[in-house]
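Student: Have a look; sequence and predicted model below, questions after that.
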Amino acid sequence: MDADTPTDEVLDELFSTIESRKAELPEGSYTTSLFTHEKGENYVLEKVGEEATEVILAAKDDDREELLAESADLAYHLLVLLAMKGVSLDDLRAELRDRF
Ligand SMILES: N=c1c2ncn([C@@H]3O[C@H](COP(=O)(O)OP(=O)(O)OP(=O)(O)O)[C@@H](O)[C@H]3O)c2ncn1[C@@H]1O[C@H](COP(=O)(O)O)[C@@H](O)[C@H]1O
């Protein structure tokens, strides 16, 4: 993914990068460090909880910039968790669509 990626393709590109990190586990990748953490899946669960708390605190502070940054951290860690559990971005889209 690079800065020229159209914004409506960012989530797909990010998820595809996460899936490829999961398959290839390249060294030096933060995503690899999540898939290989000694605490296992629990580490990603902790990160999702931590980032969700940071989103709440930023919202309470009415800090828009921080809210956006923490929401991006939460979205990324949630996508890693979904990939870890074998849930795809299309599964998430279908779940949301079926609520219409
Ligand atoms: N979107 C993200 C992304 N969002 C957040 N983060 C990382 O999530 C971490 C946020 O956790 P914290 O705020 O707690 O910071 P920290 O103290 O460094 O983290 P910990 O040591 O506590 O885990 C930071 O290290 C961020 O770099 C991300 N890391 C990677 N990506 C994207 O994932 C893709 C693959 O990245 P690599 O796996 O690094 O190649 C690339 O497209 C990246 O842009």
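Tutor: Perfect, thanks for sending it.
Student: C-alpha from now on. contacts and neighbour counts both.
Tutor: Noted.
Student: Now do the phi/psi pair for the most centrally placed residue in the chain.
Tutor: When CA atoms, centre = their mean is applied to the chain, the residue found nearest the centroid is residue 76 (1.8 Å). Reported as degrees, to the nearest 10, the phi and psi values for residue 76 are phi -60, psi -50.
Student: cool, the one 10 residues further on as well?
Tutor: Note on residue 86: backbone dihedrals following degrees, to the nearest 10 are phi 80, psi 20.
Student: What are the neighbouring residues in contact with it?
Tutor: Contact analysis of residue 86 by CA atoms under 8 Å, 6 or more residues apart in numbering lists nothing.
Student: Try it again at 10 Å.
Tutor: Taking CA atoms under 10 Å, 6 or more residues apart in numbering as the contact definition, residue 86 lies against 19, 80.
Student: Same check on residue 23?
Tutor: For residue 23, the set of contacting residues under the criterion of CA under 10 Å, 6+ apart consists of 17, 32, 35.
Student: Check the offset of the helix or strand hosting it from the chain's centre.
Tutor: Residue 23 belongs to helix 10-24 when assigned by DSSP states H and E. The offset between the C-alpha centroid of helix 10-24 and the centroid of the whole chain comes to 10 Å, using CA atoms, centre = their mean, to the nearest Å.
Student: Over to stretch 85-94?
Tutor: Per CA atoms, centre = their mean, the displacement of stretch 85-94 from the mean C-alpha position of its chain is 12 Å.
Student: rewinding a little: so for the helix or strand following the helix holding residue 23, what's the average pLDDT?
Tutor: Next helix or strand after helix 10-24 toward the C-terminus (DSSP H and E): helix 30-35. Taken as a whole, helix 30-35 carries a mean pLDDT of 98.
Student: Where neighbours are concerned, which of the contacts of residue 23 has the most?
Tutor: Across the contacts of residue 23, neighbour numbers were computed from other CA atoms under 10 Å; residue 35 holds the maximum, 22 neighbours.
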